[in-house]
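>>> Have a look; sequence and predicted model below, questions after that.
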Amino acid sequence: MTIIDSPSPNFGPRRDGRRPDLLVLHYTGMKSAAEALERMRDPASEVSAHYMIDEDGTCHRLVDEAMRAWHAGAACWAGERDVNSAAIGIELVNPGHEHGYRGFPDAQIAALLSICTEIRVRHGILPHRIVGHSDVAPARKQDPGELFPWKYMAQQGFGLWPKPNQKAAPVTVMEAAFLLAEIGYDITDLPAALAAFQRRYRPSLIDGQLDRETAGLINGLAGMLPRQDALEAK
């Protein structure tokens, strides 16, 4: 994998000395890699990421991991509203839903796995702390989208992939909201949170409605989360 240093001026210190324990994956949503790279290096844009990975697997390093890149915007995960201070952000070159959304090439995903492996070694980021931009900003964002290979990533140890569990699955919207919040979603806009969950775990139908399959998947994923007391013992 080729890594090119392409420094961006768009960063600052992580607030309160926060160390990254969250990884947020994005797509660039622009017509070309060159256009996306130019924007993330333009001080006027006030956006950046730690890395950008092109479709051929070339990786651009824009911001040092110790610093706070500006990629998540108004976002929330597991109650954390300064996601940028908690996270490392990776942009995947893809035109996105606005410019001709398409799948992610094997070379790009291979490079992503390589970078994620290095980040995990450096920061100990746990599988349930690897999320998409749509997970942390469900009312605003769709990326990296329903074509991103979340299941394959989970099989490689990056993320979780639930099996449907209908036993005690949420049967009311309130029960589903409780479990989604436990998983980490901001449920202020519950249909948006449900749609973001479906986009990642049930992309065949993304309608923001609680149906039996979605309920079983929510219950299955909630059951995979590490217990808080076990995390605190580490």
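Nice, I can see it.

>>> next one: the top helix by length along the chain to chain centre, how far?
The helix spanning the most residues in the chain, taking DSSP state H as the definition, is helix 106-123. Distance of helix 106-123 from the chain centroid (CA atoms, centre = their mean, to the nearest Å) equals 14 Å.

>>> Could you tell me which ranges of this structure sit under the pLDDT cut-off?
Applying pLDDT under 70 to the predicted model, the residue ranges of the chain that meet it are 228-234.

>>> Mind jotting down where the helices sit in it?
Ranges of helices within the chain are 33-40, 83-86, 96-99, 106-123, 133-136, 150-155, 173-183, 190-201, 212-222, 228-233, based on DSSP H.

>>> Of all those, which one comes closest to Pro162?
Distance to Pro162, taken as CB to CB, is lowest for helix 212-222 among the helices of the chain, at 3.4 Å. For glycine as for every other residue, the C-beta is placed from the backbone atoms N, C-alpha and C.

>>> relative to helix 173-183, how tilted is the closest one?
In terms of direction (axes from the mean of the first three to the mean of the last three CA atoms, to 10 degrees), helix 212-222 departs from helix 173-183 by 30 degrees.

>>> buried sites along helix 212-222?
For helix 212-222, burial by neighbour count (16 or more other CB atoms under 10 Å) applies to Glu213, Thr214, Ala215, Gly216, Leu217, Ile218, Asn219, Gly220, Leu221, Ala222.

>>> so Leu190 touches Thr172, yeah?
No: no contact is recorded between Leu190 and Thr172 when judged using CB atoms under 8 Å, the distance being 11.6 Å.

>>> And these two? Which one has more around it.
Ranked by neighbour count (other CB atoms under 10 Å), Leu190 and Thr172 place Leu190 first, with 19 against 10.

>>> residues contacting the more buried one?
Contact partners of Leu190, counting by CB atoms under 8 Å, 6 or more residues apart in numbering, are Val173, Ala176, Ala177, Leu180.

>>> and what of Ala181?
Ile187.

>>> and it, how far is that from Arg41?
Distance of Ala181 to Arg41, computed by CB to CB, to the nearest Å: 37 Å.

>>> rewinding a little: most tightly packed of the helices of the chain?
Mean neighbour count (mean count of other CB atoms under 10 Å) peaks for helix 133-136 among the helices of the chain, with a mean of 26.

>>> of all the helices of the chain, which lies closest to Met52?
Closest among those, using CB to CB: helix 33-40, at 6.2 Å.
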